[in-house]
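[1] For reference, the sequence and a predicted model appear below.
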Amino acid sequence: SQQGEEDPQALSIQEGENATMNCSYKTSINNLQWYRQNSGRGLVHLILIRSNEREKHSGRLRVTLDTSKKSSSLLITASRAADTASYFCATYNQAGTALIFGKGTTLSVSS
Amino acid sequence: NAGVMQNPRHLVRRRGQEARLRCSPMKGHSHVYWYRQLPEEGLKFMVYLQKENIIDESGMPKERFSAEFPKEGPSILRIQQVVRGDSAAYFCASSPSLGPENSGNTIYFGEGSWLTVV
């Protein structure tokens, strides 16, 4: 299985603090993606990082990728209550036919 | 631009009935994926379809579940003789193209169909 596994499962922080979520995967990848899911809603794509990239930024999001450790991290800086959601990493299966998701990290940001 | 459209958003079925979930991909997208999400769990891949073809159904339960994506109209996920364990959120996603040589495409999700079996 090429499924990513997020860590921690749950994270509670105060507004303004940074949130860091980690993802580990099992096999070689071309890219890794992060998605967000608000309660009761569909998933929204956040960012894609390719295997030849080590770091990528998008607004308050910073994603790193360490292919030697088969791990990635998502950092949300200066968190807001609106960042409260579940965050998933995802990688393609070896056939390239399906995006496989981890179980996610549930982030709760309190004001 | 309309996103991925799923209906119904909520569906209640009694045990033994059939559930039909519909998905219209984003305009210009010809690839559709179905996922299931059980309470407090991540998404589980079920099936990947192109128009009139099932490409990967490795995540589909062997019995009672079927999916199609006809030449015209939406993709349909059909669950026959539903049981309580089928209660879940079913998400559809679409992408413009995908293949091992181009597997970096983002897929776009609908808002899901919540199935409750009573």
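    In hand now; what should we look at? Residues are numbered from 1 along each chain as shown, chains lettered A, B, ... in the order given.
[2] who's in contact with the helix-or-strand element of chain A with minimal mean pLDDT?
    Sorted by mean pLDDT, DSSP states H and E, the helices and strands of chain A end with strand A:5-7, the least confident at a mean of 84. Judged by C-beta atoms under 8 Å, 6 or more residues apart in numbering or on different chains, the contacts made with strand A:5-7 from elsewhere in the structure are A:21-25, A:87-89, A:102-105. In this view, the C-beta of every residue, glycine as well, is placed from N, C-alpha and C.
[3] gap between residue A:99 and residue B:36?
    Applying C-beta to C-beta, to the nearest Å, the value for residue A:99 to residue B:36 is 14 Å.
[4] And residue A:29, by the same measure?
    Here the criterion is C-beta to C-beta. By it, residue A:29 lies 23 Å from residue B:36.
[5] just the strands in the chain please.
    Since no chain was named, I'll use chain A. For chain A, strands defined by DSSP state E occupy the ranges A:5-7, A:10-14, A:19-24, A:31-37, A:43-50, A:55-58, A:61-66, A:71-76, A:85-92, A:99-101, A:105-110.
[6] right idea, wrong chain: chain B
    In chain B, strands defined by DSSP E lie at B:5-7, B:10-13, B:19-24, B:31-37, B:43-50, B:53-56, B:65-68, B:75-79, B:88-95, B:108-109, B:113-117, listed in chain order.
[7] and those as JSON lines, adding distance to residue A:74?
    Formatted as JSON lines, the entries for the strands of chain B read as follows, by distance: least, C-beta to C-beta, whole Å:
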{"stretch": "strand B:5-7", "distance to residue A:74": "27"}
{"stretch": "strand B:10-13", "distance to residue A:74": "31"}
{"stretch": "strand B:19-24", "distance to residue A:74": "28"}
{"stretch": "strand B:31-37", "distance to residue A:74": "20"}
{"stretch": "strand B:43-50", "distance to residue A:74": "17"}
{"stretch": "strand B:53-56", "distance to residue A:74": "27"}
{"stretch": "strand B:65-68", "distance to residue A:74": "31"}
{"stretch": "strand B:75-79", "distance to residue A:74": "30"}
{"stretch": "strand B:88-95", "distance to residue A:74": "20"}
{"stretch": "strand B:108-109", "distance to residue A:74": "18"}
{"stretch": "strand B:113-117", "distance to residue A:74": "27"}
